[in-house]
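Peer 1: Next one to model:
(chains A and B)
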Amino acid sequence: NAGVTQTPKFRVLKTGQSMTLLCAQDMNHEYMYWYRQDPGMGLRLIHYSVGEGTTAKGEVPDGYNVSRLKKQNFLLGLESAAPSQTSVYFCASSPPGTYTDTQYFGPGTRLTVL
Amino acid sequence: AQSVTQPDIHITVSEGASLELRCNYSYGATPYLFWYVQSPGQGLQLLLKYFSGDTLVQGIKGFEAEFKRSQSSFNLRKPSVHWSDAAEYFCAVNDYKLSFGAGTTVTVRA
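Peer 2: Residues are numbered from 1 along each chain as shown, chains lettered A, B, ... in the order given. This is a model prediction of the structure:
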């Protein structure tokens, strides 16, 4: 089991460029999440999905879009990158249902927007 | 809405000494509480979680945490720190989503 994988690991964009971050999990989890991590702020939820074909907004969704076309993949898109989106992005997945379930995290993508 | 506060931004501890990381939560109902660890350049790994029952929870890597409802706290402890424990530690509370504290960075000196 690879667990949760993220591609790419690093990326540098110019303001206004677009890109897609890919998250894949092989644990057959229903729920998937995208977070951003900024110094002194912990992790903040961007978007999440409770199943294939469904997505929902988290705390900080502006400037991002997501898609969950396949159960194992969760894509995060930046249509027009801004310097404020410089961050480390983490994907996570969990089994469905209860609040006690553990979220499993990927290794992160470090994005710099110039 | 639920929230978590980690009062200590950075803690330095000597190898072999004990460690305690503080976490205070704000939540109206029974909280579901987690501690995660993030080693440099890595994702987050679950150390332990609490959702009911015994208020002293054992986790991986020799960590434990104690839930105290009267103090709204869920502090993480380890009796004897190893150099490999140098990392960032996050407390989190789960409602419909995980809400994380800002994290505490632990430095271990030889």
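Peer 1: From what I see, residue B:72 and residue B:24 are in contact.
Peer 2: Yes. Judged on C-beta atoms under 8 Å, residue B:72 makes contact with residue B:24 at a distance of 5.4 Å. (Each C-beta comes from the backbone N, C-alpha and C, glycine too.)
Peer 1: Between the two, which has more neighbouring residues?
Peer 2: The residue with more neighbours, out of residue B:72 and residue B:24, is residue B:24; 17 against 14, by other C-beta atoms under 10 Å in any protein chain shown.
Peer 1: which residues sit in contact with the more buried one?
Peer 2: B:4, B:5, B:6, B:7, B:71, B:72, B:73, B:74 (C-beta atoms under 8 Å, 6 or more residues apart in numbering or on different chains).
Peer 1: how much space between the last one and residue A:20?
Peer 2: Yep, that's residue B:74 we're talking about. According to C-beta to C-beta, to the nearest Å, residue B:74 and residue A:20 sit 37 Å apart.
Peer 1: try the second one
Peer 2: With distances taken as C-beta to C-beta, residue B:5 is found 35 Å from residue A:20.
Peer 1: Walk me through which strands the strand or helix carrying residue A:48 pairs with, and which way each runs.
Peer 2: Here residue A:48 sits within strand A:43-49, counting by DSSP states H and E. Sheet partners assigned to strand A:43-49 using DSSP bridges are listed as strand A:31-37 (antiparallel), strand A:56-57 (antiparallel).
Peer 1: And the next helix or strand past the last one?
Peer 2: Per DSSP H and E, the first helix or strand lying C-terminal to strand A:56-57 is strand A:65-67.
Peer 1: For the most centrally placed residue in chain A, give its distance to residue B:42.
Peer 2: Computing the C-alpha centroid of chain A and ranking residues by C-alpha atoms, centre = their mean puts residue A:34 first, at 2.7 Å. Per C-beta to C-beta, residue A:34 is found 18 Å from residue B:42.
Peer 1: again with residue A:68
Peer 2: 25 Å.
Peer 1: that older thread, is it true that the residue nearest to the centre of chain A touches residue A:47?
Peer 2: Yes. Residue A:34 lies in contact with residue A:47 (C-beta under 8 Å); the separation is 5.3 Å.
Peer 1: Can you check which residues contact both of the two?
Peer 2: In contact with both residue A:34 and residue A:47: A:58, A:64, A:66, A:76, using C-beta under 8 Å, 6+ apart.
Peer 1: so which of those comes closest to chain B?
Peer 2: residue A:58 (6.5 Å; C-beta to the nearest C-beta).
Peer 1: That closest one - how many residues pack around it?
Peer 2: There are 18 residues near residue A:58, going by other C-beta under 10 Å.
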